[in-house]
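Q: predicted model and sequence below, questions to follow.
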Amino acid sequence: MKTSINVRWRYILFSFLLAGSFSCASRKQAVPLSFEYLTAVYEHEYSENGPKAYLINDAAQYQAVLGELKIRQQDKSDYESYWKTNSLLLVYGGTRPSSGFSLSTELVTQKGDSLLIEAILTKPGNNCMVSDMITYPFQLIAIPRTSQKAVPALQLKEKEKACQ
């Protein structure tokens, strides 16, 4: 009698697990987005900001983010051709104590209204010769047009550059 009860419970438990695995498969998966690096010439004032990603959908937001980070754009790029089909992401590596820091965006994925930006911050190793100046590594990238409701999250990994 005990054996048949255990078999029934195992069957019921297996049924629930099997049903759960199908429902997990139907959940929305993160979709990798294509992106393009944009370049412009910028000048930066001192600020103490940590790493963060900013989603930008129009020229006014672009200027607001630059103002928040105390960045002045030296050239006249306004990215007007991008706003109809693209959003911009400003991936900011934070305030750093010397030269030799660089930022590289590896992957941008979207899942619903969440954007995950995976980037690598490369810092100079102990043997590297660097200038004693504060730097602000960042990247501006274009992604396919995204909802204003999308919330960007930055996952920043640090890597040390070896110098001879």
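A: Nice, I can see it.
Q: against L33, how distant is the most centrally placed residue in the chain?
A: For the chain, the residue sitting closest to the mean C-alpha position, by C-alpha atoms, centre = their mean, is I117 at 1.9 Å. Distance check for I117 against L33: by C-beta to C-beta, to the nearest Å, it reads 10 Å. No exception for glycine: its C-beta is placed from N, CA and C like everyone else's.
Q: now L66: phi and psi?
A: In terms of degrees, to the nearest 10, the main-chain angles of L66 are phi -60, psi -40.
Q: that one against Q74, yeah?
A: No - L66 is beyond contact range of Q74, at 11.4 Å (criterion: C-beta atoms under 8 Å).
Q: out of these two, which sits in the busier spot?
A: A side-by-side neighbour count of L66 and Q74, using other C-beta atoms under 10 Å, places L66 first with 18 against 9.
Q: what's the first-to-last distance across stretch 85-104?
A: By C-alpha to C-alpha, to the nearest Å, the extent of stretch 85-104 from end to end equals 23 Å.
Q: sorry, back to before: what's the pLDDT at the residue nearest to the centre of the chain?
A: pLDDT, I117: 97.
Q: before we move on, the earlier item: any shared contact partners between I117 and L33?
A: V108 (C-beta atoms under 8 Å, 6 or more residues apart in numbering).
Q: which of the helices or strands spans L154?
A: Using DSSP states H and E, L154 falls within strand 151-161.
Q: still on that earlier bit, pairing partners for whichever helix or strand the residue nearest to the centre of the chain is part of, with directions?
A: Assigned by DSSP H and E, I117 falls within strand 114-124. Neighbouring strands of strand 114-124 in its sheet, by DSSP bridges, are strand 102-111 (antiparallel), strand 151-161 (parallel).
Q: quick check: which of those is buried the most?
A: Highest mean neighbour count among these (mean count of other C-beta atoms under 10 Å): strand 102-111, with a mean of 16.
Q: picking that back up, so the residue nearest to the centre of the chain bridges to which residues?
A: Under the criterion used (DSSP bridges), I117 bridges to V108, L154.
Q: likewise Y42?
A: Beta-bridge pairing of Y42 under DSSP bridges involves Q73.
Q: understood, closing this out.
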